[in-house]
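**Student:** Model the following, please.
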Amino acid sequence: MQTILCSSRIRFWNAGSQQNKDREIVLDTGNGVRLIGYLLKPESGAAKGLAILLHGWEGSAHSIYILRTARQLCRQGYAVFRLNYRDHGDSHHLNEDVFYATRLDEVFQAVKLTACLLKNTPVFIVGFSLGGNFALRIARRCEQEGIDGLRHIVCISPVLDPDKATDRIDSMPYIRKYFLKKWRRSLLKKQKLYPHRFDFSSLLNLNTIRALTEALLPKYSEFSSVKEYFGGYTLLNDALKNISVSTTIITAADDPIIRVEDFYQLQLNELTNLAVQSYGGHNGFITGYSLESWYEQEIVELFDRFIDQ
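**Tutor:** All right, here's what the predicted structure looks like:
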């Protein structure tokens, strides 16, 4: 129920009132790649920080958990930038090639460009699910290439082992159908925009995430196998031991998609704090009749502490 409620519109019935204040920005991340995002500033006064939000797979900058977190941060004086990956949200027309979770370079460059939007302002990153995986890889990459003003990264329910996560999604009919419906819709948009490149007709009747992935990769990627593809963004054991940015990881023992055992096996340094909750589902952590996720306020308080340091 936590996982299902996370993206339910009953948690944010007046989302449109926030979106009307957004400033749409297209970022040129190099090599002809363009990603789109939305900047929201506090209504009064200068922003005390800039929070960059990274959504989950087949989510978008307008996912409910993203909008709720953005609203809370903005109310507390933070500017917020909600990034779309390629082929997420209404961005399929910006790039011809399809999205893969291994496309770290363009996401990293988009975050780096976003960090410069507000001069001399502390920068924070919040990633959810696949966005949490991107955020962890960004934290790792910062050892070689820094991001101006970056103070702290928060990862909510980050994907560590996409191979296992895929099987767990496929084992749950409701969640499998949810992701398949969104992924098929995304592929159809891409095919309509670029019919000379893509014909997904033979793939769309496949009934599991794994089967669709296995069929897609040989035709439209450089990967020779699903194992090679998933290995490109797997974060297990010592993968995070050299993170050079202060990072908080929040996950739940009852997450139906991400195995909690994988978090306990991570080798983490003193800059990384792991917080495993007993309950919370995947991206949920909902408490009370208001259907508020407790991390919304927790993130604000955490960021405030880093600004005050």
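**Student:** hey, let's count contacts and neighbours off CA atoms from now on
**Tutor:** OK.
**Student:** report the longest helix in this structure, please.
**Tutor:** Secondary structure of the chain per DSSP state H: the longest helix is helix 173-193.
**Student:** what about whichever helix or strand comes after that helix, average pLDDT?
**Tutor:** Using DSSP states H and E, the helix or strand that follows helix 173-193 in sequence is helix 209-220. Taken as a whole, helix 209-220 has a mean pLDDT of 97.
**Student:** Flag every buried residue along helix 209-220.
**Tutor:** Neighbour counts over helix 209-220 (16 or more other Cα atoms under 10 Å) mark 209-210, 212-217 as buried.
**Student:** which helices and strands does that helix pack with?
**Tutor:** Contact here means 3 or more Cα pairs under 8 Å, 6 or more residues apart in numbering; DSSP states H and E; on that basis helix 209-220 packs against helix 162-170, helix 173-193, helix 226-231.
**Student:** Any stretches of the protein with poor pLDDT?
**Tutor:** Under the criterion pLDDT under 70, the flagged ranges of the chain are 6-9, 11-20, 308-309.
**Student:** The same query, at a cut-off of 90, please.
**Tutor:** The model of the chain has pLDDT under 90 over residues 1-22, 43-46, 283-295, 307-309.
**Student:** For it, identify the residue most remote from the centre.
**Tutor:** No residue in the chain sits farther from the centre than H196, which is 30.0 Å out by Cα atoms, centre = their mean.
**Student:** what helices or strands is the longest helix of the chain leaning on?
**Tutor:** So helix 173-193, by 3+ Cα pairs under 8 Å, 6+ apart, packs with helix 162-170, helix 209-220.
**Student:** Please repeat the previous calculation with a cut-off of 7 Å.
**Tutor:** Under the contact criterion of 3 or more Cα pairs under 7 Å, 6 or more residues apart in numbering; DSSP states H and E, helix 173-193 touches helix 162-170.
**Student:** Give me the angle between the helix it packs on and helix 173-193.
**Tutor:** Taking axes from the mean of the first three to the mean of the last three Cα atoms, to 10 degrees, one finds helix 162-170 and helix 173-193 inclined to each other by 110 degrees.
**Student:** ok now helix 162-170, how far from the chain's centre?
**Tutor:** 17 Å (Cα atoms, centre = their mean, to the nearest Å).
**Student:** in it, what's buried?
**Tutor:** 162-163, 165-166, 168-170.
**Student:** From the rest of the structure, what touches that helix?
**Tutor:** Residues from elsewhere that reach helix 162-170 (Cα atoms under 7 Å, 6 or more residues apart in numbering): 175-176, 208-210, 230, 234, 257-258.
**Student:** now that we have these, which one has the most neighbours?
**Tutor:** Within the contacts of helix 162-170, most neighbours by other Cα atoms under 10 Å means I258, with 26 neighbours.
**Student:** Check which helix or strand A239 maps to.
**Tutor:** Applying DSSP H and E, one finds A239 in no helix or strand.
**Student:** how much space between the residue positioned nearest the centre of the chain and L217?
**Tutor:** In the chain, the residue lying closest to the centroid (Cα atoms, centre = their mean) is G131, at 2.0 Å. Here G131 is placed at a distance of 21 Å from L217 (Cα to Cα, to the nearest Å).
**Student:** With L193 instead?
**Tutor:** L193 sits at a distance of 20 Å from L217 (criterion: Cα to Cα).
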